[in-house]
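Student: predicted coordinates and the sequence they were generated for:
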Amino acid sequence: MRQAHTVEQVRAAEAALMARLPEGTLMQRAAAGLAVAVSNFLGSTYGARVVLLIGSGDNGGDALYAGARLARRGAQVTAVLLSPKAHQPGLAALESAGGRVLTGGQAHPEEPAHADQAADADQEADADGPAHADEPAHANGSAQVGEVERVVAGADVVVDGIVGIGGRPGLRPEALAVVRLVERYGVPVVAVDTPSGVDVDTGETPEPHVRAALTVTFGTHKVCHLVDPAASACGPVHLVDIGLEVPPAEVRSLQAADVRALYPVPHGESDKYSRGVLGLMVGSTQYPGAAVIATSGALAGPVGMVRYVGPDPVAHAVLAVHPEVVVGEGRVQAWAVGSGTSTGSVDLERFHRITQQQDVPVIVDAGAIAALDHDRAGRVVITPHAGELSQLIGVPRDVIEQRRLHYARQVAEDRQLVVLLKGATTIVAAPDGSVLVNPIASPWLATAGSGDVLAGICGSLLAGGLPEFEAAAVAAYLHAAAGTLAASAGPVTAMSVAHALPEATRLLLA
Ligand SMILES: NC(=O)C1=CN([C@@H]2O[C@H](COP(=O)(O)OP(=O)(O)OC[C@H]3O[C@@H](n4cnc5c(N)ncnc54)[C@H](O)[C@@H]3O)[C@@H](O)[C@H]2O)[C@@H](O)CC1
Ligand SMILES: Nc1ncnc2c1ncn2[C@@H]1O[C@H](COP(=O)(O)OP(=O)(O)O)[C@@H](O)[C@H]1O
Ligand SMILES: [K+]
């Protein structure tokens, strides 16, 4: 299980560990891991041109010490100071290893992006004085702006040590100016701990921020590494072990071993009923294909049998592709409802009857989501994309896209059901605040009918006996794995994703 902790949890764990270790040990561990990661990223360190963007805190300290290590291995390292204050011992280490130091940023400190950040900068300057008051280069920052552009333009990599877990969203104008230069010259960025400017605890990005090609984090993952839109700004995330002992996290991500342990594998005494029967009430005369696709997803999961209920022509279409399906209502262990329907085409009488059954969980997709009763009694998973969630709660889609974790959790808690929020990363939220994120899926999965496959496999896992939260998260994982298998590097159809599900499952269970 990958765990993503909050800043508060990380700070507490760090404090507990630091109390037992000599001062500076954790930062040295972090810097050593960071230097190796940057080195691997570069391929060859000797002669490589490395630019460090340095803010006022320990995030900059990590970058400076890592820069010193890289300089000792032959890299040409230049630190660009973006705050009147910088980590002093780290700066000294870099300079004694032969690194250069410049003062960066074109914006004047009196033009802050946020008034409170400007106040911070002033306080830091008052309290600690400029980083190197005795060195003309630092006192004369604006003269170095051209030089900053020159080194950025020629850099092989930029190391973002502007802010880490101490940062608020956004970048000060000085930092933003240099980050824009880095983007203009297309230099890849390795972010230290987090891409600066994102909201670490929510994954939100309300302000400009760094976009990294790689993020090197320490001790544990942070929420922004898993939750979009920030997760997309991290690139791959490399975790450096610094010996932190962390409590259980609320935001987690299933790994292959977790999915393997959860998957309901049949055993010697299993029969088709004990493996689980899934009722499918999906598809419509307008979208008959959705029923075929969802059935394909369901049959590629652990169920022993699928029963289909719906309009006759749709049932015929399902039977034509899947003769193993039983048409008509009967006893089931779970339902999947709504894929390929609009709200108007849902059989409401049957739907409400289904969602009143306390012992039979239901996955509710597409058009049926908006038809869900507040007073239903049963256990429910809803599988909206941001647009469907927007319709359900009356919040604009783009606002939901910006605050995915927040809204998934809020709806799960308010309505006491499991929310699977679809998108490039999928968030599964439980009513108690627990979250499982599936951060890796092929963008080729964004194809018509792909969500029907997901609904089918999710229903299949529910019928197979997994609780709603786990069923939804395992479904998202397998759907993504099948998508990757089917797509490799090219287009896929929803049916080919469904057809790849058994192979993805076989590879996992082997
Ligand atoms: N505490 C520890 O034991 C360890 C900390 N480590 C590093 O230390 C970092 C945390 O260091 P800090 O607590 O000093 O905090 P940061 O270095 O993340 O931030 C420092 C300061 O930046 C200012 N700031 C906030 N938002 C800003 C913004 N948007 N733009 C510009 N400046 C802003 C604030 O005054 C804040 O105190 C971690 O992310 C990690 O990189 C690592 O060395 C591992 C060990
Ligand atoms: N950019 C993306 N990268 C990875 N997966 C994606 C991306 N966009 C969408 N998906 C996934 O593809 C599926 C699309 O489902 P949905 O929006 O319901 O489509 P449809 O209604 O056509 O079936 C969801 O599982 C979603 O998480
Ligand atoms: K950073």
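Tutor: Happy to help now that I have it. Numbers count the residues shown, from 1 in each chain. Ligands and ions are numbered 1, 2, ... in the order given.

Student: can you list the residues of the chain near ligand 3?
Tutor: D160, G164, A191, V192, S196 (C-beta under 5 Å from the ion). The way it works is simple: take the backbone N, C-alpha and C, and place the C-beta from them, glycine included.

Student: ligand 1: which of the residues you listed is nearest?
Tutor: Using C-beta to the nearest ligand atom, G164 comes nearest to ligand 1 of those, at 2.0 Å.

Student: with distance to ligand 1 and pLDDT added, can I get the residues of the chain next to ligand 3 in CSV?
Tutor: Output for the residues of the chain next to ligand 3, formatted as CSV (distance: C-beta to the nearest ligand atom, whole Å; pLDDT from 0 to 100):
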residue, distance to ligand 1, pLDDT
D160, 10, 98
G164, 2, 98
A191, 10, 98
V192, 5, 98
S196, 7, 98
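
Student: narrow these to those in helices?
Tutor: Using DSSP state H, no member of those sits in helices.

Student: could you list every residue that touches the residue nearest the centre of the chain?
Tutor: Nearest residue to the geometric centre of the chain (C-alpha atoms, centre = their mean): L226, 2.6 Å. The neighbourhood of L226, defined by C-beta atoms under 8 Å, 6 or more residues apart in numbering, consists of R2, A4, G203, V251, S253, T425, V437, P439.

Student: and the closest residue to the fifth one other than its chain neighbours, how many neighbours?
Tutor: Once its chain neighbours are removed from consideration, S253 has its nearest residue in R2; the separation is 4.1 Å (C-beta to C-beta, 6 or more residues apart in numbering). Burial of R2, expressed as a neighbour count using other C-beta atoms under 10 Å, amounts to 19.

Student: ditto for the one 5 residues further on
Tutor: Other residues within reach of V7, judged by other C-beta under 10 Å, total 17.

Student: farthest pair within the contacts of L226?
Tutor: R2 and G203 (14.3 Å; C-beta to C-beta).

Student: indicate the residue of the protein located nearest to ligand 2.
Tutor: Residue nearest to ligand 2 within the chain (C-beta to the nearest ligand atom): G451, separated by 2.1 Å.

Student: surely that residue touches I369?
Tutor: No - with contact defined as C-beta atoms under 8 Å, G451 does not reach I369; the gap is 11.3 Å.

Student: need the overlap of contacts for these two.
Tutor: In contact with both G451 and I369: T383, using C-beta under 8 Å, 6+ apart.

Student: who in the stretch 251-400 of the chain is up against ligand 2?
Tutor: H385 (C-beta under 6 Å from any ligand atom).

Student: can you give me the helices in the stretch 251-400 of the chain?
Tutor: 256-262, 288-299, 312-321, 348-355, 386-393, 397-402 (DSSP state H, counting those that start in this stretch).

Student: got the ones you listed as a markdown table, with distance to P467 and mean neighbour count columns?
Tutor: Listed next are the helices of the stretch 251-400 of the chain as a markdown table, based on distance: least, C-beta to C-beta, whole Å; neighbours: other C-beta atoms under 10 Å:
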| stretch | distance to P467 | mean neighbour count |
| --- | --- | --- |
| helix 256-262 | 10 | 14 |
| helix 288-299 | 18 | 28 |
| helix 312-321 | 28 | 16 |
| helix 348-355 | 17 | 17 |
| helix 386-393 | 22 | 17 |
| helix 397-402 | 26 | 16 |
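
Student: of these, which shows the lowest average pLDDT?
Tutor: Per-stretch mean pLDDT for those is lowest at helix 348-355 (a mean of 92).

Student: in the helix or strand where E503 lies, what counts as buried?
Tutor: Following DSSP states H and E, one finds E503 within helix 494-509. For helix 494-509, the neighbour count (16 or more other C-beta atoms under 10 Å) marks A494, M495, S496, V497, A498, H499, A500, L501, A504, T505, L508 as buried.

Student: turn these into CSV, columns for distance to ligand 1 and pLDDT.
Tutor: Listed next are the buried residues of helix 494-509 as CSV, based on distance: C-beta to the nearest ligand atom, whole Å; pLDDT from 0 to 100:
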residue, distance to ligand 1, pLDDT
A494, 41, 97
M495, 45, 97
S496, 42, 96
V497, 38, 97
A498, 42, 97
H499, 44, 97
A500, 39, 97
L501, 39, 98
A504, 36, 97
T505, 38, 98
L508, 34, 95
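
Student: dump the residue contacts of Q76.
Tutor: Applying C-beta under 8 Å, 6+ apart, we find Q76 in contact with G47, A48, R49, V50.

Student: okay, it: pLDDT?
Tutor: Looking at Q76, its pLDDT stands at 98.

Student: what residues are bridge-paired with it?
Tutor: Going by DSSP bridges, Q76 is paired in beta bridges with R49.

Student: can you pull out the low-pLDDT segments for the protein?
Tutor: By pLDDT under 70, the low-scoring segments of the chain are 105-143.

Student: just the buried ones among the residues of the chain next to ligand 3, please.
Tutor: Among those, those buried by neighbour count (16+ other C-beta under 10 Å) are D160, G164, A191, V192, S196.

Student: out of these, who's nearest G279?
Tutor: Distance to G279 across those (C-beta to C-beta) is lowest for A191, with 47.0 Å.

Student: pretty sure V187 sits against V159.
Tutor: No - contact between V187 and V159 fails when scored by C-beta under 8 Å: they sit 10.5 Å apart.

Student: common neighbours of the two, please.
Tutor: Going by C-beta under 8 Å, 6+ apart, residues that sit against V187 and also against V159 are V51.

Student: can you pull out the residues in contact with stretch 384-391?
Tutor: Residues contacting stretch 384-391 (C-beta under 8 Å, 6+ apart): 366, 369-370, 392, 395-397, 400-401, 404, 407-408, 411, 419-423, 451.

Student: mind giving me the PyMOL select for the residues you listed, buried ones only?
Tutor: Burial among these is assessed by 16+ other C-beta under 10 Å; the matching PyMOL selection reads:
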select buried, resi 366+369+370+392+395+400+401+404+407+408+411+419+420+421+422+423+451
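
Student: among the contacts of stretch 384-391, which are in strands?
Tutor: Assignment to strands by DSSP state E places the following of the contacts of stretch 384-391 there: V419, L420, L421.

Student: surely A494 and A448 touch.
Tutor: Yes - contact criterion C-beta under 8 Å: A494 and A448 qualify, at 6.5 Å.

Student: summarise which helices and strands the helix holding E503 is packed against.
Tutor: Packing contacts for helix 494-509, counted by 3 or more C-beta pairs under 8 Å, 6 or more residues apart in numbering; DSSP states H and E, involve helix 256-262, helix 288-299, helix 450-463, helix 468-487.

Student: show me the one of these that comes nearest G378.
Tutor: Minimum separation from G378 across the helices and strands packed on helix 494-509 (C-beta to C-beta) falls at helix 468-487, 10.1 Å.

Student: alpha carbons of the closest one, in CSV - could you do that?
Tutor: Extracted in CSV, the C-alpha atoms of helix 468-487 (Å, rounded to 0.1, in the frame of the first residue of the first chain):
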residue,chain,number,x,y,z
GLU,A,468,-17.9,-1.3,-1.8
PHE,A,469,-14.7,0.7,-1.0
GLU,A,470,-12.3,-2.1,-1.9
ALA,A,471,-14.4,-3.2,-4.9
ALA,A,472,-14.3,0.3,-6.4
ALA,A,473,-10.5,0.7,-5.8
VAL,A,474,-9.7,-2.8,-7.2
ALA,A,475,-11.9,-2.1,-10.2
ALA,A,476,-10.1,1.2,-10.9
TYR,A,477,-6.7,-0.6,-10.6
LEU,A,478,-7.6,-3.5,-12.9
HIS,A,479,-9.3,-1.2,-15.4
ALA,A,480,-6.1,0.9,-15.6
ALA,A,481,-4.0,-2.3,-15.8
ALA,A,482,-6.1,-3.6,-18.6
GLY,A,483,-6.0,-0.3,-20.4
THR,A,484,-2.2,-0.2,-20.2
LEU,A,485,-2.0,-3.8,-21.5
ALA,A,486,-4.5,-3.1,-24.3
ALA,A,487,-3.1,0.2,-25.3
